[in-house]
Each structure stands twice: as C-alpha cells, then as structure tokens.
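Predicted structure and sequence below. I'll ask about it afterward.
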Amino acid sequence: TIQRADHDLRAVMRAADRDIVSLLPEINSITERIQALNVEVRRQEAIAPANDLRDAREQSLRDLSKLLDVSYFEDGSGSLVVMLRNGLPLVEGTSARALTTTSDATNAFDPSFSRVLWSDGSTTTDVTTRISAGKLGGLLEARDTLAANAIRDLDVIAYNLMSSVNGVHAAGVGLGGTVGGFFATLTQVEDSARDLALHANVVASTDAIAAGLGTDPLDNRNALA
C-alpha cells in the first residue's frame, strides 16, 4: 500500500512535469502575439487611435495572466512591457523573450524533470521557483511541493515502520530457528516508501517470521507484539 501510494504520487509528478513542458509553447506564443501587437499599436497610433489593437493586446495579456504571474505597464511609446514577478521582461517594446526548459540533473525524484529558464539571448536565468501563480505556477507547486512533500511524509512512515517492526522482530525466533529482520534494512529515510521491502529470509520462507519468543518458535507472543 505504501509503495502504491509512492508510485501514484510520482506519477502525479511526472504528469505535472509533462504539462509544464507542453505549456511553455502556449506562453511563448502569447508573448510573441503581444510583441507583434506592440508593433502594430505604435504604427497605427502614428496615424489614429488603435483601440481595436489595444483591446486585442489586453485580451492577450489576460490570457497570459491565467498561465503565470506577470506584472506590466505601458511605456511612453505606447508599448506594453510585460515582466515576470522578479522583474525579468517577457515583452519589452518590440522584443519578446521565450521561456524554455532544461533537465534538472540534481532532482532527487527524477533527473529528467524540467527547470524553467528565461533567456535574453546572452543571459540565462532559472525562474522555476519564481513562478507561483497561474496554471504554470500550479503545476510547479503540484510537482515540487505538494506531491514531493507527500512522498517525503510517506518516507518517514515507511522508515519508522521498518525500524520499529524490525526492533520487535529481532527479539523473537522463527520456525527455522532464524532471527533477523522482518523488513529489509533501509539505510536512509529518503525514498523509504519506494524501497520498503520484506527481508530476503522472509521472502524465501515464512518460517523466518519470528513469531515466537524465547526458544519456542511455536509461541505467538512476538507476532502479537
């Protein structure tokens, strides 16, 4: 049951990671649209008001805000400047920056999981932890906080289960006269839910289950304990 819960939570993380990667082209498409509308607004307003273009740009901004947390303002030329919450620009005048991903080799759950990057062509910044709202923020939280914390909570349960049961089991004796662990020994708390397993002796024969106390293997007092 513990392993199944761990497996299901890791599946949630993998699904969230896939959705993160697939969402970035939509985000980049919207920022490119805003950039193109900036160009059109500036060109049109050299002649007359560009209300329809401004409305379209406003709608694109609303679409973008549903996907991630941004701030924005209109500069003196009439262009919309759109920034991530940390101040890095996604759209600046007639320029747009794309968000990309790279694999996270240090990720304790899966080194193929993606980090979100911002780049202006010469400088690259990891913005994974700086996105906290919108659909992208929700996916990052599900993968990196909610599911991750639940797995680590399960790890504590699994490790404590192994430790406490093995402590009782070691005081008993099995039908085969063997004394040892009920669970295979886990060397660390991390990933204990994934790695929890019966001791090899128990897997080989249920006679290795130390149900008895003292020298009587037919005694069930240790099993009750």
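Everything's here; your move. Numbering: from 1, shown residues only.

going forward, measure contacts and count neighbours with C-alpha atoms only.
Will do.

Give me the three-state assignment for G177.
For G177, the assignment made with DSSP: H, G, I helix; E, B strand; the rest coil gives coil.

Equivalent analysis for the one 3 residues further on, please.
Secondary structure of G180, reduced to three states by three-state DSSP: coil.

and the residue nearest to it when sequence neighbours are not counted, what pLDDT?
Distance criterion Cα to Cα, 6 or more residues apart in numbering; nearest residue to G180, sequence neighbours excluded, is A170 at 5.3 Å. We have a pLDDT of 91 for A170.

need the contact list for the spatially closest residue to G176 that is not a sequence neighbour.
Among residues not flanking G176 along the chain, D207 sits closest, at 5.4 Å (Cα to Cα, 6+ apart). Taking Cα atoms under 8 Å, 6 or more residues apart in numbering as the criterion, D207 is in contact with 174-176.

does D207 count as helix, strand or coil?
Strictly by three-state DSSP, D207 counts as helix.

would you turn the contacts of D207 into JSON lines with neighbour count?
As requested, the contacts of D207 are exported to JSON lines (neighbours: other Cα atoms under 10 Å):
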{"residue": "G174", "neighbour count": "25"}
{"residue": "L175", "neighbour count": "18"}
{"residue": "G176", "neighbour count": "13"}
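
Closest one to Q59 out of these, please.
G174 (71.9 Å; Cα to Cα).

State the distance from that closest one to I131.
55 Å (Cα to Cα, to the nearest Å).

what does T1 give?
To I131, T1 is 34 Å away according to Cα to Cα.

Name the weakest-confidence residue in the contacts of D207, if you would.
Confidence-wise, G176 trails the rest of those, at 76.

SS state for the residue most central in space within the chain?
Nearest to the geometric centre of the chain sits R143, at 2.0 Å (Cα atoms, centre = their mean). Of the three states, R143 takes helix under three-state DSSP.

Could you tell me which ranges of this protein sit under the pLDDT cut-off?
178, 217 (pLDDT under 70).

show me what contacts S65?
G134.

tell me the phi and psi of it?
Main-chain torsions, S65, degrees, to the nearest 10: phi -70, psi -20.

repeat for G76
The phi/psi pair for G76 (degrees, to the nearest 10) reads phi -70, psi -20.

quick one: what helix or strand has V81 in it?
Here V81 sits within strand 80-84, counting by DSSP states H and E.

Give the partner strands of that strand in its sheet and their orientations.
Its sheet considered, strand 80-84 pairs with strand 70-74 (antiparallel), strand 89-92 (antiparallel) by DSSP bridges.

Centre of the chain to it, how far?
Here the centre of strand 80-84 is set off from its chain's centre by 26 Å, with Cα atoms, centre = their mean, to the nearest Å.

quick revisit: dump the contacts of D207 to TSV, plus distance to H199.
TSV is the format used below for the contacts of D207 (distance: Cα to Cα, whole Å):
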residue	distance to H199
G174	13
L175	16
G176	15
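
Quick one: residues in contact with the strand holding V81.
Under Cα under 8 Å, 6+ apart, the answer for strand 80-84 is 34, 38, 69-75, 89-93, 131.

helices and strands around the longest helix seen in the chain, which ones?
Counting by DSSP state H, the longest helix found in the chain is helix 2-44. Applying 3 or more Cα pairs under 8 Å, 6 or more residues apart in numbering; DSSP states H and E, we find helix 2-44 packed against helix 51-65, strand 89-92, strand 95-96, strand 99-103, strand 114-119, helix 134-141, helix 147-169, helix 192-195.
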